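Visitor: Okay, predicted coordinates and the sequence, questions at the end:
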Amino acid sequence: MRDYRSGQSLIEILVAVGVGTIMLLGAITALAPVIKSSTDVNRSQIGAALGKELIDNLKVFTEANWHNLDSLATTSANKYFLVISTSSMQSVTGTEVVPSGAPGADLVGYWKLDEGAALTAADSSGKGHSGTVYGTVATSGFAGNARFFAGAGNYIDMGSLNHLSGNNFTVSFWAKTSSTSDYSSFIDSSIGGASNQIRFYLGYYYSSVPRVAILLGNGTTFNTLDTGYTIPPGIWVHYAVTVSSTQVIFYVDGKQYGSATTTSLTLAEGDWKIANGLGGTGWFNGWMDDVRIYNHALSASEIQTTFNATNFFRYFYVDDVHRDSSGNMVASGGGLDPSTKKITVEYYWGVVAPKALTVYLTRSGNRTLWQTDWTGGAGVNGPASTTGSTFSTSSAINFATSSGSIRIDGL
């Protein structure tokens, strides 16, 4: 049994990118204002910088606990990205998509919906409002992955957004509608299941008014605003609503479609849901992608920028490392080194071919026990991070009844 413990930390770094690191632990939403159009900064340089930033965050992620990395599936078939919350990082399956130029400041919730088959919709705003997924499935979307909602029982519950209060906020998202039904919402917030307990609602209203409606309520009564916009089936559309103390404005594909003066109605606090029906009586059927909520009303130019954004993509994957009898890394053959992983970060703009950065990370701080001789029994297949009071915990060898010895190299 070998005990691979703290050796050199993060050795054999093979990456050399001549760009500065962009805020090692900054929330992922900080990427959006950093990514500008090619007229401002060369995209090649920005892409390399953001690829390097992901590597730097992976170093921190791995240093915190080696098993954060060691537990991930290997090979390029398994793509991941990092989501940073208020106090931690987590790895998520899929490709991260960041719309270039879209406002990043004052986000209180940002659900990219880029995850694979996950039961959680990660919040990339850094505020920790990840949503619980019910019924919906991951599929190809407008930008990277999206979520398809098949009607009744398919929705995402983000809970209460405690960073959002008052009558000033913005909701922005991409949607493609498969079919409409009465009271089927794109996104809504309410304090209960009854229709009069609504705080905010945006979606198809009912058959006699077959258009998008906006509802604003205080928990006991609400005002209905008919936007006059008819939902086109089977087409990706960007929707946005800005709400202020004096006005509500509805945008379609970056352009103002309608507006209304708000009353003195004080909006209620409530839980937010994607694709939930009004009062539980209607359900959205279609695709949703890149859902954002801000704690203020965005300007018309900011809405236009969000609609026109060019997407930046990045992800990483993990490969095992093998070494020969001299300890040198080999492309094939050799023995598995459980204390070293090869990390490849790939990134690209739009449909351009990905570029790659590679780094080798070694374990630091966490013990990994790896047994090579199983003559005492079946034992544990693979590394074990902890052991009990007897050797049989990891090796099926009980020192009370078995002769011989176990040597731990390096101690």
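Guide: Everything's here; your move.
Visitor: Now the element after the longest helix along the chain, going C-ward?
Guide: With secondary structure taken from DSSP state H, the chain has its longest helix at helix 43-64. Scanning forward in sequence from helix 43-64, with DSSP states H and E defining helices and strands, the next element found is helix 66-70.
Visitor: Buried residues, that following helix. List them.
Guide: Of the residues in helix 66-70, those buried under the neighbour-count criterion (16 or more other Cβ atoms under 10 Å) are W66, N68, L69, D70. All C-beta spots, glycine's among them, are computed from the backbone N, C-alpha and C.
Visitor: Now do the same contact list for L69.
Guide: L69 makes contacts with L58, F61, T62, V318, K341, I343, L361, as judged by Cβ atoms under 8 Å, 6 or more residues apart in numbering.
Visitor: And the strands in the stretch 51-200 of the chain?
Guide: Along the stretch 51-200 of the chain, counting by DSSP state E, counting those that start in this stretch, strands occupy 80-84, 89-93, 96-99, 107-111, 120-121, 131-134, 137-140, 145-150, 155-160, 169-179, 185-190, 198-206.
Visitor: what are the pairing partners of the fourth one, and which direction each?
Guide: I take that to be strand 107-111. As defined by DSSP bridges, the strand partners of strand 107-111 come to strand 285-294 (antiparallel).
Visitor: Using CSV, write out the CA atom coordinates for the partner strand.
Guide: Presented in CSV, the C-alpha positions along strand 285-294 are these (Å, rounded to 0.1, in the frame of the first residue of the first chain):
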residue,chain,number,x,y,z
ASN,A,285,-44.3,23.7,-23.1
GLY,A,286,-41.0,24.5,-24.8
TRP,A,287,-37.4,25.5,-24.2
MET,A,288,-35.8,28.0,-21.9
ASP,A,289,-32.2,29.3,-21.8
ASP,A,290,-30.0,31.9,-20.1
VAL,A,291,-32.4,33.2,-17.5
ARG,A,292,-31.3,36.4,-15.7
ILE,A,293,-32.8,38.5,-12.9
TYR,A,294,-31.3,41.9,-11.9
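Visitor: Can you check what angle separates that strand from strand 169-179?
Guide: For strand 285-294 against strand 169-179, the angle by axes from the mean of the first three to the mean of the last three Cα atoms, to 10 degrees is 170 degrees.
Visitor: tell me what the very next helix or strand once past strand 285-294 is packed against?
Guide: Sequence-wise, the next helix or strand downstream of strand 285-294 (DSSP H and E) is helix 300-308. Contacts defined by 3 or more Cβ pairs under 8 Å, 6 or more residues apart in numbering; DSSP states H and E place helix 300-308 against strand 169-179, strand 236-243, strand 247-252.
Visitor: Take those strands and write them to JSON lines, including mean pLDDT.
Guide: Compiled in JSON lines, these are given as follows (pLDDT from 0 to 100):
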{"stretch": "strand 169-179", "mean pLDDT": "93"}
{"stretch": "strand 236-243", "mean pLDDT": "95"}
{"stretch": "strand 247-252", "mean pLDDT": "93"}
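Visitor: So which of those strands is nearest M158?
Guide: With respect to M158, and counting by Cβ to Cβ, the nearest of those is strand 169-179 at 11.9 Å.
Visitor: buried ones in the closest one?
Guide: Buried positions in strand 169-179, judged by neighbour count with 16+ other Cβ under 10 Å: F169, T170, V171, S172, F173, W174, A175, K176, T177.
Visitor: Which of those residues sits closest to V241?
Guide: Compare each of the buried residues of strand 169-179 with V241 using Cβ to Cβ and the shortest gap goes to V171, at 4.9 Å.
Visitor: what's near enough to touch the closest one?
Guide: Remark: with contacts taken as Cβ under 8 Å, 6+ apart, V171 is in contact with I187, F200, L202, Y239, A240, V241, V291, R292, I293.
Visitor: Which residue, other than its chain neighbours, is closest to it?
Guide: Here the nearest residue to V171 in space, its sequence neighbours aside, is V241; by Cβ to Cβ, 6 or more residues apart in numbering that works out to 4.9 Å.
Visitor: The one you found and I303: what is the separation?
Guide: Distance, V241 to I303, using Cβ to Cβ, to the nearest Å: 10 Å.
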